[in-house]
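Novice: my questions concern the predicted model and sequence given below.
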Amino acid sequence: MAEIRLVSVGEGGVGKSSFIHSFITGKFTVEYDPTIEDSHRVQIEVDGYVHMLDILDTAGQEDLSAMQGEWFRSGEGFLLMYAINERKTFEQVQKLHARIDMVNHSRHVAKIVCANKVDLVTVPSSRTLRYF
């Protein structure tokens with residue numbers, strides 16, 4: 001069975017832990033408990049092949065950025081998450097993307113950018129939308 005190491009990154013409070021918990025258990029958690037570093041393992045099937053997905057749920061706090069180098073070297077795939085209701089979290093994802101590329105300059109790693117908290121944004125009615 002192949003093992004895949006996925007690292008979740010993004011600012012604190014964007015919902016990384018809730019997203020991972022929902023993925024693993026199928027249940028949404030409202031509580032916010034700041035994460036330093038948690039590891040989760042779940043067996044998944046993709047295209048008929050079984051894989052062990054090892055998910056590293058990282059901290060979003062800047063004071064733990066010294067740990068980022070190790071996180072970025074250990075990952076085979078990255079979930080870069082931002083909260084759609086906070087622009088600065090998207091700007092941070094852009095910086096994290098560049099740092100991941102810098103640390104992994106000689107090896108290919110998969111990256112997925114995920115917009116979270118869309119339920120907290122008011123969407124204008126179709127009458128106010130302008131199409132260009």
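Specialist: That came through fine.
Novice: let me see the contact set for residue 51.
Specialist: Residues counted as contacts of residue 51 (Cβ atoms under 8 Å, 6 or more residues apart in numbering) are 1-4, 43-45. All C-beta atoms are positioned from the backbone trio N, CA, C, and that covers glycine.
Novice: how about these, which pair is most distant?
Specialist: Comparing all pairs in the contacts of residue 51 by Cβ to Cβ, the longest separation belongs to 3 and 45, at 14.1 Å.
Novice: what residues of the helix ranked longest in the chain count as buried?
Specialist: If you go by DSSP state H, the chain has its longest helix at helix 87-103. Using 16 or more other Cβ atoms under 10 Å as the test for burial, helix 87-103 gives 89-90, 92-93, 96, 100, 103.
Novice: tell me the first helix or strand C-terminal of the lowest-mean-pLDDT helix or strand in the chain.
Specialist: Lowest by mean pLDDT, DSSP states H and E among the helices and strands of the chain is helix 68-74, with a mean of 74. Next helix or strand after helix 68-74 toward the C-terminus (DSSP states H and E): strand 77-83.
Novice: can I get that following strand in CSV? Just the C-alpha atoms.
Specialist: Provided in CSV are the C-alpha atoms of strand 77-83 (Å, rounded to 0.1, in the frame of the first residue of the first chain):
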residue,chain,number,x,y,z
GLY,A,77,1.4,17.2,-1.5
PHE,A,78,0.2,20.4,0.0
LEU,A,79,-3.2,21.8,0.9
LEU,A,80,-2.9,25.6,0.9
MET,A,81,-6.0,26.9,2.6
TYR,A,82,-7.3,30.5,3.0
ALA,A,83,-10.5,32.0,4.4
